[in-house]
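Q: Any chance you can model this:
(4 chains)
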Protein chains: 4
Amino acid sequence: MPHHTLTITPRFYETDALGHINNASIAAWFEVARITFIESLEKQTAASSVNWILASLQIDFIAETFYGTDVIATVTDATAGNSSLTVSCEMTQGGKLTVRGKAVLVHLDTESKRPSRIPDSLREKLAAA
Amino acid sequence: MPHHTLTITPRFYETDALGHINNASIAAWFEVARITFIESLEKQTAASSVNWILASLQIDFIAETFYGTDVIATVTDATAGNSSLTVSCEMTQGGKLTVRGKAVLVHLDTESKRPSRIPDSLREKLAAA
Amino acid sequence: MPHHTLTITPRFYETDALGHINNASIAAWFEVARITFIESLEKQTAASSVNWILASLQIDFIAETFYGTDVIATVTDATAGNSSLTVSCEMTQGGKLTVRGKAVLVHLDTESKRPSRIPDSLREKLAAA
Amino acid sequence: MPHHTLTITPRFYETDALGHINNASIAAWFEVARITFIESLEKQTAASSVNWILASLQIDFIAETFYGTDVIATVTDATAGNSSLTVSCEMTQGGKLTVRGKAVLVHLDTESKRPSRIPDSLREKLAAA
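A: Prediction:
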C-alpha cells in the first residue's frame, strides 16, 4: 500500500475572496501529489511521467483549507487496472482532514498516444510501495 | 430544467507541457460556469453568490481540450436538496463533448456560516430555469 | 497605432483573500491581451504565435481590480525592434484606469529557437494596426 | 542587506504548451518570495502581512525555467521609503540565473486602508536582515 507524503505550503494567491484556498488550487495540489508519487516510483523504472492522462477526478472538500498552515497530502492508495491507475489522496491541515480525492489516470503509449498496459516494472513498484 | 450556457475562450497560460488545457484550469472553468449560473438566478432574488461553499466535485475528462477553439459550458441540471445544490455541467469544444462535471454546493447562512435551507425564492427560479 | 481591445470578465478564483483580483491573474490577463493582439495580426500572415517568448514584463497597478465588473484591456502601442516587440496595454474597470503594462517579446525562429528578425509581413500589419 | 531564500519546486500545471514555466506562474512565485520574506520579519513584530498592496511589478526573464528542477528565489534587496517597500528578487535554476524581479509594495493602515508609514519596528528588522 503506497504511502507517499507531500508537504504543501499554501500560497497567498491560492486564496480567494472567501478567505480560504480556492477549490481549483486544491485540484492543482492533487495533481502535484499524484505526479510526485508516480515520479517517485518511475525514477526507478524506464517510464516517463508524461505517459499519463487524467480520465476523471473526484474531490470531497471535508473542511476549508486556509492560508498560513502547511497541508500534508498523502497518497493513500494506488490501484492499477490494465491501462488505468486509480490514485486516492487525503489532505490534512493542522491534523484535521480537509480533502479526500480520487483520480483515474490512463497510461499512454508514448508513440501512438493510445492507452497501453501499465508496464510490469511499474506494477511491481506499486505493489511494493 | 436549467440550460445556462457560457462561452470560454481558452487562454494560453491554461495549457500545460502536454500541449492541452490542464485539468486544474477545467476545474476553474467549472466554477465559473456554476457561479454565473447561480448569479443569473440570484440577480432576480435577494441572495448573494458568496453564500455557497463547495462540498464535492466530480469531473470526467471525456476528451482533451485544446487552445485555439472556444469551449461551450452548459449547466444541464441543478437539483436542490435542503441546503445543498447539485449542479451538472457539460463542456464541448468544436461540437465534441470534452468534459462532464458534477458539483455539490452547500448554501450557507451569511451570519452563522452554517448550512441553511435554500430560500424558496431561489427554488422557484431553479424550477423555472 | 494599434488599438486592440479585449473584454475580460473577472473569475471568482482570480480573487484573493484581500477581496480583489490577485496580481498574478492580472499578469495572466496581460498575456491574453498581447497574444490575442498578435494573433489578430498573424491570422493574416504566415507567422505563428508560438514564435514569441517573453523577455520582460512591467505592470503598474494603478487601482485595485474587483470581481463583478468587466475589465477592458486595450493594446495601446506595439513597437517593433529587430527581433523584439514592445507591447503596451491599459486596463480599465467601470471606466477607471486600473492597470498599465509593458511587455517585451522576442520573435524566435521556429527551427533554431533563436531570436530572428520580425518578418516584414507582420511589420506591415503592425504599422497598419 | 536581506538575503531571504526560498526553494520552489515547479509544478506540472505551471508549465504551458511551450514546454516551460509560464510567466504568470513566475509572477506568482515572486509574490510567494516577497510575502514569505516580509512574514519572516513581521513574525517578530506586530504588523500583519495583509497590510501590503502591490503598486508595481517588473520581471526580466533572463532564461527559460523548466519543470523538473528546483528554483531558488532569493530576496536580494529590500529598501523602505516612507510607506513603500521595494523588494528585489533573483531566481536561479540549476545554478543558472533565470529571473530578476523588482516589486514596489505600499504599506496600508489596516483601518483606513490608506498608505501609512512603515513602522520603525519593521524598519529595524529590514536594516538588520
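Q: Enumerate the residues of chain A near chain D.
A: Contacts of chain A with chain D, taken as CB under 8 Å from any CB of the partner chain, map to A:11-13, A:28, A:31-32, A:35, A:49. Bear in mind the C-beta positions are built from the backbone N, C-alpha and C, glycine included.
Q: Restricted to helices, list those.
A: A:28, A:31-32, A:35 (DSSP state H).
Q: rewinding a little: out of the residues of chain A next to chain D, flag the one nearest to residue D:23.
A: residue A:13 (14.2 Å; CB to CB).
Q: Could you give the number of residues near that closest one?
A: 25 (other CB atoms under 10 Å in any protein chain shown).
Q: So which of the residues of chain A next to chain D wins on neighbours?
A: residue A:13 (25 neighbours).
Q: Pull the contacting residues for the residue nearest to that residue when sequence neighbours are not counted.
A: Leaving aside its sequence neighbours, residue A:13 sits nearest to residue C:22 (CB to CB, 6 or more residues apart in numbering or on different chains; 4.6 Å). By CB atoms under 8 Å, 6 or more residues apart in numbering or on different chains, the residues touching residue C:22 are A:12-13, C:14-16, D:31.
Q: From those, pick the one nearest residue A:88.
A: residue A:13 (27.6 Å).
Q: can you pull the contacts of that closest one?
A: Here residue A:13 is in contact with C:16, C:22-25, D:28, D:31-32 (CB under 8 Å, 6+ apart).
Q: Please produce a markdown table containing the contacts of residue C:22, extended by pLDDT.
A: Output for the contacts of residue C:22, formatted as a markdown table (pLDDT from 0 to 100):
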| residue | pLDDT |
| --- | --- |
| A:12 | 95 |
| A:13 | 96 |
| C:14 | 97 |
| C:15 | 95 |
| C:16 | 94 |
| D:31 | 97 |
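Q: so residue A:122 is in which element?
A: Assigned by DSSP states H and E, residue A:122 falls within helix A:120-128.
Q: One more: residue A:86?
A: Counting by DSSP H and E, residue A:86 is part of strand A:84-93.
Q: that older thread, between the contacts of residue C:22, which is closest to chain B?
A: Checking these against chain B by CB to the nearest CB gives residue C:14 as the nearest, at 8.7 Å.
Q: which ones are touching that closest one?
A: C:21-22, C:25, C:67.
Q: rewinding a little: which two of the residues of chain A next to chain D have the greatest separation?
A: Longest span within the residues of chain A next to chain D, CB to CB: A:12 and A:49, 28.2 Å.
Q: Tell me how far whichever strand in chain A runs longest lies from the chain's centre.
A: For chain A, the longest strand by residue count, based on DSSP state E, is strand A:96-107. How far strand A:96-107 lies from its chain's middle: 6 Å, per CA atoms, centre = their mean, to the nearest Å.
Q: still on that earlier bit, in strands only, show me the contacts of residue C:22.
A: Using DSSP E, none of the contacts of residue C:22 sit in strands.
Q: Skipping adjacent residues, who's closest to the residue nearest the centre of chain A in space?
A: Against the mean C-alpha coordinate of chain A, by CA atoms, centre = their mean, the closest residue is residue A:34 at 2.3 Å. Nearest non-adjacent residue to residue A:34, counting by CB to CB, 6+ apart: residue A:87, 4.6 Å away.
Q: Residue A:73 too?
A: Nearest to residue A:73 is residue A:33, by CB to CB, 6+ apart, at 4.1 Å.
Q: Might you report the residue contacts of residue A:95?
A: Residue A:95 is in contact with no residue at all, counting by CB under 8 Å, 6+ apart.
Q: From chain D, how far out is it?
A: Remark: distance between residue A:95 and chain D (CB to the nearest CB, to the nearest Å) = 22 Å.
Q: Ramachandran coordinates for that residue?
A: phi 90, psi 0 (degrees, to the nearest 10).
Q: Check it and give its pLDDT.
A: According to the prediction, residue A:95 has pLDDT 97.
Q: For the lowest-mean-pLDDT helix or strand in chain A, list the C-alpha coordinates in CSV.
A: Ranked by mean pLDDT, DSSP states H and E, the weakest helix or strand in chain A is helix A:120-128, scoring a mean of 89. Provided in CSV are the C-alpha atoms of helix A:120-128 (Å, rounded to 0.1, in the frame of the first residue of the first chain):
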residue,chain,number,x,y,z
ASP,A,120,5.2,-4.7,-15.1
SER,A,121,8.2,-2.8,-13.8
LEU,A,122,5.8,-0.1,-12.5
ARG,A,123,3.2,-2.7,-11.2
GLU,A,124,6.0,-4.2,-9.1
LYS,A,125,6.9,-0.8,-7.7
LEU,A,126,3.2,-0.1,-7.0
ALA,A,127,2.8,-3.4,-5.2
ALA,A,128,5.9,-2.7,-3.1
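Q: Contact partners for residue A:63?
A: By CB under 8 Å, 6+ apart, the neighbours of residue A:63 are A:93, A:96-98.
Q: so residue A:64 touches residue A:97, yeah?
A: No. Look at residue A:64 against residue A:97 with CB atoms under 8 Å: they stay out of range, at 11.9 Å.
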